[in-house]
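A.B. asks: Please work out how this folds:
(one chain, ligands or ions: 3)
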Amino acid sequence: MIGGGPASLTVARDLMPLGYDCTVYEKDPQAGGLMRTNIPSFRLPVGVIDEEVDRILDFGVVKKFNQEVKSLKVILDEDYDAIFIGTGAPKGKDLNIPGRHEASNNIHVGIDWLTSVAFKHIDKIGQRVVVIGGGNTAMDCCRTSLRLGGKDVKVTVRSPKSDMKASDWEIEEAELEGIPIFDNHSPKEFIHENGKLKGVLFEKMKAEYNDGKRTLTATGETVLFECDDVLLAIGQENAFPWIERDIGIEFNQWEQPIVDKTTFQSTQPRVFFGGDAAWGPENIIWAVAHGHQAAISIDNFCQNKDLKDRPSPLTNLVSQKMGIHEWSYPNDISNDDRFAVPHADIETSLTDLNLEVELGYDEKLAFDEAQRCLNCDIQTVFTENLCIECDACVDICPIDCINFTHNDTEENLRKKLTVPALNLTQDILVSETLKTGRVMVKDEDMCLHCGLCAERCPTGAWDMQKFTYIESHAKKSTISEYVE
Ligand SMILES: Cc1cc2nc3c(=O)[nH]c(=O)nc-3n(C[C@H](O)[C@H](O)[C@H](O)COP(=O)(O)OP(=O)(O)OC[C@H]3O[C@@H](n4cnc5c(N)ncnc54)[C@H](O)[C@@H]3O)c2cc1C
Ligand code: SF4
Ligand code: SF4
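C.D. replies: Ligands and ions are numbered 1, 2, ... in the order given. This is a model prediction of the structure:
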């Protein structure tokens, strides 16, 4: 594995128990990838990363840390049976506008700066900080700046705030810490005096939307934000200067490797890609999902099996009936809004880079939040030959989503239900023909999973069954590993 982020670690986690010897090359002193170097410790504590990463490394992974791979050819020449590239998207985009070169001492590429903070190479920043960019990296940069001495920290973004790429909850957290966001501001020039950064000149933009397409036009109005430091958080790309272009790995016109979307194999059969390195920046859970799929391929490859012959995901349906009117899940839906996660005291948080901001739920809050679950994994299952068409379920369904009617085209059926099923993105369930020649039609979009139909049905034609879906892993999964 090249790169020690979540994608590579997942491959090792799946292959080691199958008896493979796994070696991880990582240029940093520790594994974890961006989880360790970029996600600030006040959001993801180092102790949590250590625990989870070590659990995998302790399987016996050979650790080649502090070793940057500078030539894939060299690795290919070693006798590894397969190579997984999980090197992420390590190149932060730069902003080449006037003044960038001259004032470079105080203009930092956000992801590199966050890495330096994580490895304690940087522990302070100027009091006035301008963060340029509207994604999650920008939110982590501005919140980290506040904890390293920034007093007047602002975020600027070219687009309207509603189009910002950062997740709503990340924006909310930054704003809660008092960080203003200036939208429709496009950077024009870094202002400096003899190389000392003085500020950033912005041009105000106006957004227009036509047929869903946005155009940003400059208004001509400019504004200067004085500052001591600038953090650039305007995107990331993958970069492979260390992959020779004559070893069988093909790249597309954007210099991205050509990777099979199912097998994660590159055009050089021994080399697989996954995580941010494969198709650009995503998130941890995507990297993990890629790792599981790549491990299946590598296992097949090493066993001389067809890479497309992949284990199916595990699916299962189990009745939740505990008694006549009793289910193994609580079906009384709560009307509460989402409960906010309690936060550490803001004054203390801002003085401690490592203090986790989100405290998590206590027992009561966790219980109340869990009660909001709509039980979408519990399905209503209809058995035609048990139904005596008494219509009791129709009477009791609180939202009238069960209908007995004569069959028709889907378009007509949708219109003639008691409550017409107008959401075409959601299927309707149409049963086989029943004894009276009618069919049972249920609008799945409406169902509350309350189980009243199954409680009321005198014959058990309705049942509430729990659906389980488990992604396939390199090893054949068994349901007992996941379901008690
Ligand atoms: C600021 C920021 C905040 C984020 N916050 C979140 C979040 O809250 N939740 C979330 O799900 N995702 C978040 N992400 C995204 C997430 O971190 C990544 O999508 C994920 O870590 C990608 O995993 P990966 O294994 O593909 O690569 P990475 O995590 O990038 O790991 C790649 C590893 O490869 C190493 N490497 C690179 N080149 C070489 C080489 N030539 N030789 C040896 N080693 C090499 C790197 O040092 C690195 O350790 C965030 C990203 C950033 C930048
Ligand atoms: S589970 Fe509730 S909402 Fe869904 S069909 Fe049955 S009675 Fe109607
Ligand atoms: S309550 Fe049961 S038997 Fe009666 S109509 Fe509904 S499914 Fe059929």
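
A.B. asks: Burial check on residue 343, number of neighbours?
C.D. replies: 14 (other CB atoms under 10 Å). Just so you know, the C-beta spots here come from the backbone N, C-alpha and C atoms, and that holds for glycine as well.

A.B. asks: Please report how far it lies from ligand 2.
C.D. replies: As judged by CB to the nearest ligand atom, to the nearest Å, residue 343 and ligand 2 stand 37 Å apart.

A.B. asks: Backbone torsions only: list them for the closest residue to ligand 3 within the stretch 101-250 of the chain.
C.D. replies: At 41.6 Å from ligand 3, residue 168 is the closest residue in the stretch 101-250 of the chain, using CB to the nearest ligand atom. Phi and psi for residue 168, reported as degrees, to the nearest 10, are phi -50, psi -40.

A.B. asks: What pLDDT does the model give it?
C.D. replies: Per-residue pLDDT puts residue 168 at 94.

A.B. asks: do residue 374 as well
C.D. replies: 84.

A.B. asks: try residue 239
C.D. replies: The predicted local confidence for residue 239 is 88.

A.B. asks: Please apply the same query to residue 359.
C.D. replies: Looking at residue 359, its pLDDT reads 95.

A.B. asks: what about it, neighbour count?
C.D. replies: Residues lying near residue 359 (other CB under 10 Å) number 11.

A.B. asks: OK, contacts around the closest residue to ligand 2 within the stretch 101-250 of the chain?
C.D. replies: Across the stretch 101-250 of the chain, the shortest distance to ligand 2 (CB to the nearest ligand atom) belongs to residue 168, at 29.7 Å. Shown in contact with residue 168 (CB atoms under 8 Å, 6 or more residues apart in numbering): no residues.

A.B. asks: which residues of the stretch 51-200 of the chain fall in helices?
C.D. replies: 72-77, 110-118, 136-147, 168-176 (DSSP state H, counting those that start in this stretch).

A.B. asks: that's a strand at residue 412, yeah?
C.D. replies: No. Read with DSSP: H, G, I helix; E, B strand; the rest coil, residue 412 is helix and lies in no strand.

A.B. asks: Look up how far ligand 3 lies from it.
C.D. replies: From residue 412 to ligand 3 the distance is 22 Å (CB to the nearest ligand atom).

A.B. asks: Quick check, pLDDT for that residue.
C.D. replies: Turning to residue 412, the model gives it a pLDDT of 97.

A.B. asks: low-confidence ranges in the chain?
C.D. replies: Scanning the chain for pLDDT under 70 picks out 476-484.

A.B. asks: Repeat the analysis, applying 50 as the threshold.
C.D. replies: 484 (pLDDT under 50).

A.B. asks: residue furthest from the geometric center of it?
C.D. replies: residue 436 (49.2 Å; CA atoms, centre = their mean).

A.B. asks: Could you double-check that that one sits in contact with residue 389?
C.D. replies: Yes. Using CB atoms under 8 Å, residue 436 is in contact with residue 389, at 5.7 Å.

A.B. asks: What segments of the stretch 301-450 of the chain are helices?
C.D. replies: 346-349, 363-370, 392-396, 410-416.

A.B. asks: what's the helix or strand for residue 14?
C.D. replies: Per DSSP states H and E: residue 14 is located in helix 6-15.

A.B. asks: Residues of the stretch 251-400 of the chain that sit close to ligand 3?
C.D. replies: Counting by CB under 6 Å from any ligand atom, the residues of the stretch 251-400 of the chain lying close to ligand 3 are 387-393.

A.B. asks: pretty sure residue 234 is touching residue 91, no?
C.D. replies: No. Applying CB under 8 Å, one finds residue 234 not in contact with residue 91, separated by 11.8 Å.

A.B. asks: more neighbours, the two?
C.D. replies: Higher neighbour count among residue 234 and residue 91: residue 234, with 19 against 16, using other CB under 10 Å.
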